[in-house]
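J.: with the input below, show me the fold.
(one chain, ligands or ions: 1)
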Amino acid sequence: MHIRGNLQDGWNAGRLGRLLGPLGYGCAIPRAVLELIGVEYAYTRTPALRGVELHVDAGEVVAVTGPSGCGKSTLLHVAAGILPAQLGVVRLLGYDLTALSEAQRAALRRRDVGVVLQFGQLVPDLAAVENVALPLLLDGWARGRALRAAAGWLDRVGIGQERDTLAAELSGGESQRVAVARALVTEPEIVFADEPTGSLDQAGGFELLELLVGEAGEGGVAVVIVTHDRDVAARADREVRLLDGRLDMARLTR
Ligand SMILES: Nc1ncnc2c1ncn2[C@@H]1O[C@H](COP(=O)(O)OP(=O)(O)OP(=O)(O)O)[C@@H](O)[C@H]1O
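T.: As a prediction, the model looks like this:
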């Protein structure tokens, strides 16, 4: 048996692995949740990504580091399918993103991928619990069930008491916790986080990262995290460093 490529709706390598792994079929299932091959992206004439190769395994935590402007956020956006690669291949959870429409990429992200951006990106006039429930509601869950699942995640990230607070009234740290809960509520295979600790002080930032990596680790979720913070990078399984849109080969550990 060899399962590859375009899996049926709702299925992907990670989900199959969890189901079939205990039966001993795991070796036939691709372990990579993310592969970038020769990826290029340019906003203007100067490329922001040049020939980037990256391979992330199920459950792996990878930190993307490098100086300001080297292309970290662009890499994360292209890997998550928010921006389309202009050259090369991006394979996410077994799907070739270059073959999917924008709507299909958005549906894949909503269902199987978690995203945490720099400033949380919450809907300000929705309550914390409604923000967390949003991806489930958009995926057709009944409101009561979605809100119960969302409230459970707010408890897990330690701010269950703020469930009815409007996002606009949350502190920076609380907002980032809500964003982490929202990224994990769909039980994704992979979470992309772009400097999620950026708006917090160092201790608060590290605590948030511990929470994200800890919760992701429990579910076997891969994490790709963009960061400037050395402590955060040290917490990852692996660090990849970008320089001028290219991977710094000297810093590659595999
Ligand atoms: N929307 C845009 N339009 C034009 N150029 C852009 C745009 N976004 C980013 N760039 C440019 O692309 C390059 C890579 O930017 P990117 O934001 O990916 O870097 P970064 O490493 O994440 O930076 P930082 O650490 O400062 O957030 C930079 O030269 C930046 O100026």
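
J.: going by C-alpha atoms from here, please, whenever you check contacts or count neighbours.
T.: Noted.

J.: helix, strand, or coil at the nearest residue to T65 once chain neighbours are set aside?
T.: Counting by Cα to Cα, 6 or more residues apart in numbering, T65 lies nearest to R241, which is 4.7 Å off, once chain neighbours are set aside. Here R241 takes the strand state, with states given by DSSP: H, G, I helix; E, B strand; the rest coil.

J.: distance of R241 from L49?
T.: 12 Å (Cα to Cα, to the nearest Å).

J.: looking at the residue nearest to T65 now. What's its pLDDT?
T.: Model confidence at R241, given as pLDDT, is 94.

J.: can you get me a residue count around it?
T.: Using other Cα atoms under 10 Å, R241 has 20 neighbouring residues.

J.: and H228, by the same measure?
T.: Using other Cα under 10 Å, H228 has 17 neighbouring residues.

J.: what secondary structure does it sit in?
T.: From three-state DSSP, the assignment for H228 is coil.

J.: and the closest residue to it other than its chain neighbours, backbone torsions?
T.: Distances taken as Cα to Cα, 6+ apart place T65 nearest to H228, at 6.0 Å, with adjacent residues excluded. The phi and psi values for T65, taken as degrees, to the nearest 10, are phi -120, psi 180.

J.: relative to L83, how far out is L97?
T.: Taking Cα to Cα as the measure, L97 falls 10 Å from L83.

J.: so which bits of the stretch 51-200 of the chain are right by the ligand?
T.: P67, S68, G69, C70, G71, K72, S73, T74 (Cα under 6 Å from any ligand atom).

J.: OK, contacts around the closest residue to V113 other than its chain neighbours?
T.: Closest residue to V113 apart from its sequence neighbours, by Cα to Cα, 6+ apart: P188 at 4.8 Å. P188 sits next to R111, D112, V113, G114, V221 when contact means Cα atoms under 8 Å, 6 or more residues apart in numbering.

J.: tell me, how many residues neighbour G217?
T.: G217 has 15 nearby residues by other Cα under 10 Å.

J.: that one: what's its closest spatial neighbour, skipping adjacent residues?
T.: In space, G217 is closest to G59, 6.6 Å off (Cα to Cα, 6+ apart).

J.: all strands for this structure, in order.
T.: In the chain, the strands defined using DSSP state E lie at 32-42, 47-57, 61-65, 87-92, 95-96, 113-116, 190-194, 222-226, 238-243, 246-247.
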